[in-house]
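Participant: just the structure for this:
(one chain, ligands or ions: 2)
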Amino acid sequence: MRAKENEVLEKAVLVGIIESSHDQESMEELKDLAETAGAQVVGVITQKRKGTDSAYYIGKGKLEELKSFIQGNEVDVVIVNDELSGSQIKNIEDFLGIKIVDRTCLILDIFASRARTKESKLQVELAQLKYRLPRLTGMGGQLSRLGGGIGTRGPGETKLETDRRHIQNRIKSIEKKLAKFERHRNLYRQRRAKNRIPVVSIVGYTNAGKSTLFNALAKAQSYVEDKLFATLDTSARKLILPSGMQVVLVDTVGFIRDLPHDLVEGFKSTLEEVRYSDLLLHVIDITSSDVDEKIQVVERILSDLNAIDIPRLDVFNKIDLIDTQPVANNKRTIFVSAKKGIGLDALKEAIENELAVKR
Ligand SMILES: Nc1nc2c(ncn2[C@@H]2O[C@H](COP(=O)(O)OP(=O)(O)OP(=O)(O)O)[C@@H](O)[C@H]2O)c(=O)[nH]1
Ligand SMILES: [Mg+2]
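Facilitator: Ligands and ions are numbered 1, 2, ... in the order given. Got it, this is the predicted structure:
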């Protein structure tokens, strides 16, 4: 959650390795993520190199540069644009004497502050605990010496466990509780299947405009914000299409490159909804600078979820922000502005066509 005006922001330096232009985009995204988590970015240090250093992530020279930057500026936290091992975290932290947060931990932290329902809180906590378990040696120091803030927050009021045995017990207990939620969900799904109401799920990269589209179509109020991961809980509404056909429309959590594996695992049951859909609306922000890569990221995650073979419409959103109006070259591509309500009739028609073909 972006910190409130009067809150003291943690001052952060971002550190990353640049091997290709994708990494440059990924650094931009890291800045968005850091700000979403409540940091003020005061510096960015990158290194061009092949692969990471197994002990210190970046080379010794860069590390010295980072250290003198920290000494010359007020910095609370170093945020690294990759997932680090426990020993890398410990090594860098010992060398710099400052809190280190990696990309995975940062995303988990944002999810922790976003989770609203009991189930998503448990899912996030589970992912956090699984991330922590193999890193306890590295993170032990950080947790006891360097206090709270980014990277240490649990969902809701719960304090994240730091003891190995407690963590293992907590993981078991959460898994049991989540299994119960899943059984309930299965029951609902079976009931819906019996009534043969088709399910249309909205998927896509974070901030693409999924919830805005969901609201525009279903005239419901799903949480919309210009922040990453505004939506963590899938919500569903009934939608009646022009022909009178009823569908269940589902809004889902946004995807992002390098979505932590444990998080995908944790949210799998929520995202199961996606797998059992009759049609997917892949919402794509047409104004984003690396559209193609984001499309690939979403498709990769859909594969992970065994949802890649479900019929899919590519819904390019935010066309109100571009000058030349694009023309679709196939019936599975739709251009809309969810915010301005442009193209929604064509979209509904396309949804009906897809579902009609299926029957
Ligand atoms: N200009 C313009 N902005 C839009 C449009 N659709 C959505 N937005 C804006 O894009 C931002 C993100 O919208 P959301 O609907 O929250 O996006 P989301 O995909 O649900 O995001 P997450 O739940 O965080 O993954 C908000 O600031 C919206 O107002 C659009 O058609 N045009
Ligand atoms: Mg959303």
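Participant: any weak-confidence spans in the stretch 1-150 of the chain?
Facilitator: Applying pLDDT under 70 to the stretch 1-150 of the chain flags the ranges 1-7, 137-147.
Participant: got the contact list for the residue in the chain sticking out farthest from the centre?
Facilitator: Distance from the C-alpha centroid of the chain, by CA atoms, centre = their mean, peaks at residue 243 (35.1 Å). Contacts for residue 243 (CB atoms under 8 Å, 6 or more residues apart in numbering) come out as residue 352. C-beta: built from backbone N, CA, C; applies to glycine.
Participant: am I right that it is in a strand?
Facilitator: No. Read with DSSP: H, G, I helix; E, B strand; the rest coil, residue 243 is coil and lies in no strand.
Participant: from residue 356, how far out is it?
Facilitator: 9 Å (CB to CB, to the nearest Å).
Participant: kindly report the same for residue 322.
Facilitator: Distance, residue 322 to residue 356, using CB to CB: 31 Å.
Participant: try residue 347
Facilitator: From residue 347 to residue 356 the distance is 15 Å (CB to CB).
Participant: ok, those two, which is more surrounded?
Facilitator: More crowded of residue 347 and residue 356, by other CB atoms under 10 Å: residue 347, with 20 against 10.
Participant: residues near the residue of the stretch 51-200 of the chain found nearest ligand 1, how many?
Facilitator: For the stretch 51-200 of the chain, the residue closest to ligand 1 is residue 114, as judged by CB to the nearest ligand atom, at 8.5 Å. Around residue 114 there are 23 other residues, counting by other CB under 10 Å.
Participant: same deal with residue 120?
Facilitator: If you count neighbours by other CB under 10 Å, residue 120 ends up with 23.
Participant: element containing it, please.
Facilitator: helix 118-132 (DSSP states H and E).
Participant: name the helices or strands packed onto that helix?
Facilitator: Identification of packing neighbours for helix 118-132 by 3 or more CB pairs under 8 Å, 6 or more residues apart in numbering; DSSP states H and E yields helix 103-114, helix 164-195, helix 261-275.
Participant: could you list every helix and strand in contact with the longest one?
Facilitator: With contacts taken as 3+ CB pairs under 8 Å, 6+ apart, helix 164-195 sits against helix 118-132, helix 261-275.
Participant: quick one: the first one to helix 261-275, angle?
Facilitator: Put plainly, it is helix 118-132. Using axes from the mean of the first three to the mean of the last three CA atoms, to 10 degrees, the direction of helix 118-132 lies 150 degrees away from that of helix 261-275.
Participant: for helix 118-132, C-alpha coordinates in PDB please.
Facilitator: The C-alpha coordinates for helix 118-132 follow below in PDB (Å, rounded to 0.1, in the frame of the first residue of the first chain):
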ATOM      1  CA  LYS A 118      -9.500 -14.400   5.400                       C
ATOM      2  CA  GLU A 119      -8.600 -16.600   2.500                       C
ATOM      3  CA  SER A 120      -6.200 -14.200   0.700                       C
ATOM      4  CA  LYS A 121      -4.600 -13.400   4.000                       C
ATOM      5  CA  LEU A 122      -3.900 -17.000   4.600                       C
ATOM      6  CA  GLN A 123      -2.600 -17.500   1.100                       C
ATOM      7  CA  VAL A 124      -0.200 -14.600   1.400                       C
ATOM      8  CA  GLU A 125       1.000 -15.600   4.800                       C
ATOM      9  CA  LEU A 126       1.700 -19.100   3.500                       C
ATOM     10  CA  ALA A 127       3.700 -17.800   0.600                       C
ATOM     11  CA  GLN A 128       5.700 -15.500   3.000                       C
ATOM     12  CA  LEU A 129       6.400 -18.400   5.300                       C
ATOM     13  CA  LYS A 130       7.600 -20.600   2.500                       C
ATOM     14  CA  TYR A 131       9.800 -17.800   1.200                       C
ATOM     15  CA  ARG A 132      11.300 -17.300   4.700                       C
END
